[in-house]
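Chemist: Need a 3D model of the sequence below.
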Amino acid sequence: MTSADDRLDQLEARLRRAEDQLAIMELVASYGPLVDSGDGRGAADLWTEDGVYDVDTGTYEGRNGIAEMVASRPHQRLVARGCAHATSPPRVYLDGDAAIAVTESQLIVQREGGGFDVVRATAHRWELVRTPDGWQVQRRTSRLLDGSDASRELLRPPLGHS
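Modeler: The predicted structure is shown next:
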């Protein structure tokens with residue numbers, strides 16, 4: 001039989017894990033609405049100061065680089081047309097003060113004359129760290145879901161997890 005202290009320690013560990021998973025899920029879920037509203041600073045604040053966003057269309061370094069991506073002409077054209085970065089719920093793999101979240105997303109854009117088209121489906125691997133300000137993205141790697149090894153690899157569980 002375990003002691004009351006052991007049970008309390010186990011309960012606290014389970015609660016912390018659940019709180020970490022929820023915080024990461026909320027962080028990932030906030031990305032789409034931030035970029036779809038054109039809030040580059042809000043999106044950039046999801047990353048650490050030296051965070052990296054590596055997408056097959058370019059690499060953006062630091063919060064300023066990520067904010068500039070959102071402010072870029074191509075992205076602002078999407079926002080003006082009407083778009084949605086629809087992201088799947090993340091599969092979160094916790095490892096102390098580090099975590100990996102795996103998601104898929106669709107970029108949906110409004111068609112001229114009405115209706116919407118899915119113009120992109122993407123695999124994402126979010127590498128996160130716990131900071132004094134909470135969980136933040138250290139690196140996000142995104143690849144077009146085109147059947148390539150690179151996109152499929154992002155969706156696999158990290159080593160040591162299943």
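Chemist: helices or strands next to the longest strand seen in the chain in the packing?
Modeler: Criterion DSSP state E: the longest strand present in the chain is strand 116-131. When contacts are defined as 3 or more Cβ pairs under 8 Å, 6 or more residues apart in numbering; DSSP states H and E, strand 116-131 sits against helix 4-36, strand 47-55, strand 98-110, strand 134-144, helix 149-155. All C-beta atoms are positioned from the backbone trio N, CA, C, and that covers glycine.
Chemist: List the buried residues of it.
Modeler: 120, 122-128, 130 (16 or more other Cβ atoms under 10 Å).
Chemist: farthest-separated two in those residues?
Modeler: Arg120 and Arg130 (30.7 Å; Cβ to Cβ).
Chemist: any chance of the helices and strands packed on strand 116-131 in CSV, with mean neighbour count too?
Modeler: Converted to CSV, those look like this (neighbours: other Cβ atoms under 10 Å):
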stretch, mean neighbour count
helix 4-36, 14
strand 47-55, 17
strand 98-110, 18
strand 134-144, 19
helix 149-155, 14
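Chemist: picking up where we left off before, rebuild the buried residues of strand 116-131 as a markdown table, extending it with pLDDT and distance to Glu112.
Modeler: Conversion of the buried residues of strand 116-131 to a markdown table gives the following (pLDDT from 0 to 100; distance: Cβ to Cβ, whole Å):
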| residue | pLDDT | distance to Glu112 |
| --- | --- | --- |
| Arg120 | 96 | 18 |
| Thr122 | 98 | 24 |
| Ala123 | 98 | 29 |
| His124 | 98 | 29 |
| Arg125 | 98 | 34 |
| Trp126 | 98 | 33 |
| Glu127 | 98 | 38 |
| Leu128 | 98 | 38 |
| Arg130 | 98 | 45 |
